[in-house]
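In: Sequence first, predicted coordinates after that:
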Amino acid sequence: MDPVYIALLTVGLLLVTILLGMHVGVALATLGVLGLMFIKGNPVIAFHLLGDTAYEALMDYVFGAMPMFVIMGVFANLSGASEDLYSSANVLLSRLRGGLGIATVIANALFAAITGISVASAAVFSAIAIPQMKRLGYDRRFSLGTVAGSSVLGMLIPPSFLLIVYGLLTEEAIGRLFIAGVLPGLVMTAIYSIGIYAMVLVKPRLGGQRETGSLLSGDTLKAIFRPWIFACLIALVLGGLWLGWFTPTEAGAIGAFGAFLAALFRGRLTWRSLWEALLDSAIITASIYFLIMTAQVYSKMLAISGLPMVLSNFFSSMAVPPLVVIALFVLIFLLLGAIIDSTSILLVTIPLMLPVIKAMGMDAIWFGIVSIVAVEVGLITPPFGMAVFAMKAALGDEVNIEDIFIGSFPFIIMMLVTLWIIILFPPLSTYLPGLM
């Protein structure tokens, strides 16, 4: 059988096995090896390639960035970063219409610059923001949707784990990808904030009551300036990357050490919490590394088959504008986002899409940002919606899954608007990296 047809068959089987519940990494490795066996006609060669690819997949120095940023996020959360950031934003904005909703968005954007995990943001801010909105009489679904929608900022604003995965799959500089996410992240934050304000302006009942009191009281000023440690940490990590003072791996290490000091300084660190933080970081890192290794095996099989080149030639020969191809890829991301998780979508699609993007002369960093935003829509869309289920787990029987999905719908629209802006204005993603 033609190697291209074998690769196409494995793509179809990959989607089927994932939908049937097989672990994504196991499916990638199994189909990668089987594909190589049939292409080469020799199982020994296939298993040798499996071992060599898995070993080489994690040998690059840049892979050290992943555990560093994971540990940074875990220590920052342990030190109370989320509570401090939300309290500060709450004090500044809760006197506006829908101010608590906007404060949730701002706090999530800042928290994203420390953690890079959307699901973690959804769980954390469910416990912090929802009670405050309930106290002021905010609409239930509006409150839930605000937390779910704003949590996706964690995968766009650096340091984003999806940007790291994309960089490893495409061999693009992770530092440049991080900086590329800054302006699109700010645009999405602004669109969310404007959208919340407009929604409350049209339907005041959504926003409940507004806080009263002076901004100049001692407690208020203390709450505003309390997150200074984390502001300095964010500035150091992103500023250092921007100025070229250190690599992404070194930035992650510096951020992890700074978050560790913050937790220690605030008295949140005990031997037990330290052990739990390191254990959580190890579990997260190991699971991501396993996916990356198996994805490299599958990508090697695709490359040997010649399928990416065939697809590249096919799309390049089509008499349609490049934006039509981008729209098709975005549609694929949105459809897959409803059934599988974000990391798996990138692992499955990017090895096939990237050669097409490069053949059409489009910027791979810009496409990375487009991909991340499109994939992130799946975090709050049914039936999968990982961020929604993280909120459900955090809030328990207090909420229904349906209410979270319904409340998230306006934010899906806002995400699609943001995505369209990023597609139409590539400099939003490429200008800052170009200055590095």
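Out: Received the coordinates, thanks. Worth saying up front: this structure is predicted, and the values here are computed from it rather than measured.
In: Secondary structure class of the closest residue in space to S305 that isn't next to it in sequence, three-state.
Out: In this structure, S305 finds its nearest non-sequential neighbour in A7, 3.6 Å apart by CB to CB, 6 or more residues apart in numbering. All C-beta spots, glycine's among them, are computed from the backbone N, C-alpha and C. Following DSSP: H, G, I helix; E, B strand; the rest coil, we place A7 in the helix state.
In: same deal with F47?
Out: Here F47 is helix, with the state taken from three-state DSSP.
In: My read is that it contacts A29, right?
Out: No: counting by CB atoms under 8 Å, F47 stays clear of A29, with 11.0 Å between them.
In: Go ahead and confirm A148 touches I404.
Out: Yes: contact criterion CB under 8 Å: A148 and I404 qualify, at 5.6 Å.
In: which neighbours do these two share?
Out: Shared contacts of A148 and I404, defined by CB atoms under 8 Å, 6 or more residues apart in numbering, are found at 388, 391.
In: the more surrounded of F47 and A29?
Out: A29 (22 against 13; other CB atoms under 10 Å).
In: Can you point out the helix or strand that includes the more buried one?
Out: helix 24-40 (DSSP states H and E).
In: if I read this right, P322 contacts D363, doesn't it?
Out: No: taking contacts as CB under 8 Å, P322 lies outside contact range of D363: 11.2 Å.
In: ok, those two, which is more surrounded?
Out: The neighbour count for P322 versus D363, taken as other CB under 10 Å, is higher for D363 (19 against 15).
In: distance of the closest residue to the more buried one other than its chain neighbours from H23?
Out: In this structure, D363 finds its nearest non-sequential neighbour in T430, 5.7 Å apart by CB to CB, 6+ apart. As for T430, its distance to H23 is 36 Å (criterion: CB to CB, to the nearest Å).
In: All the helices of the stretch 101-250 of the chain, residue numbers only.
Out: Taking DSSP state H, counting those that start in this stretch, the helices of the stretch 101-250 of the chain run over residues 118-135, 140-151, 161-170, 174-180, 182-202, 218-225, 228-243, 248-265.
In: For Y166, see how far away the spatially most central residue of the chain is.
Out: Central residue of the chain (CA atoms, centre = their mean): M155, 1.9 Å from the mean position. Counting by CB to CB, the separation of M155 from Y166 is 10 Å.
In: same thing with L432?
Out: Using CB to CB, one gets 17 Å for the distance from L432 to Y166.
In: what does D84 give?
Out: In this view, D84 and Y166 are 30 Å apart by CB to CB.
In: cool, N42 as well?
Out: With CB to CB as the criterion, N42 and Y166 are 33 Å apart.
In: Tell me which of those two has more neighbours.
Out: Y166 (26 against 12).
In: quick one: low-confidence ranges for the chain?
Out: Within the chain, the segments meeting pLDDT under 70 span 1, 53-63, 94-95, 116-119, 208-227, 316, 383-384, 436.
In: Now do the contacts for the residue nearest to V24 when sequence neighbours are not counted.
Out: Closest residue to V24 apart from its sequence neighbours, by CB to CB, 6+ apart: S344 at 4.3 Å. Residues near S344 by CB under 8 Å, 6+ apart: 18, 24, 291.
In: repeat that with 10 Å
Out: S344 is in contact with 14, 18, 23-25, 27-28, 291, 295, 336, 375, counting by CB atoms under 10 Å, 6 or more residues apart in numbering.
In: ok, and the most crowded of those residues?
Out: Using other CB under 10 Å as the neighbour test, the contacts of S344 are led by L28, with 29 neighbours.
In: where's the nearest residue to that one once chain neighbours are set aside relative to G207, distance?
Out: Once flanking residues are discounted, L28 sits nearest to T294: 3.9 Å by CB to CB, 6+ apart. The gap separating T294 from G207 is 47 Å, by CB to CB.
In: For L233, give me its contacts.
Out: For L233, counting by CB under 10 Å, 6+ apart, the contacting residues are 72, 76, 79, 81, 113-114, 227, 254-255, 257-259, 261-262.
In: what packs against the lengthiest helix in the chain?
Out: For the chain, the longest helix by residue count, based on DSSP state H, is helix 271-305. Under the contact definition 3 or more CB pairs under 10 Å, 6 or more residues apart in numbering; DSSP states H and E, helix 271-305 sits against helix 3-19, helix 24-40, helix 43-57, helix 65-78, helix 161-170, helix 248-265, helix 307-317, helix 342-359.
In: Buried deepest among the ones you listed, which one?
Out: Most buried of the helices and strands packed on helix 271-305 by mean neighbour count (mean count of other CB atoms under 10 Å) is helix 65-78; its value is a mean of 26.
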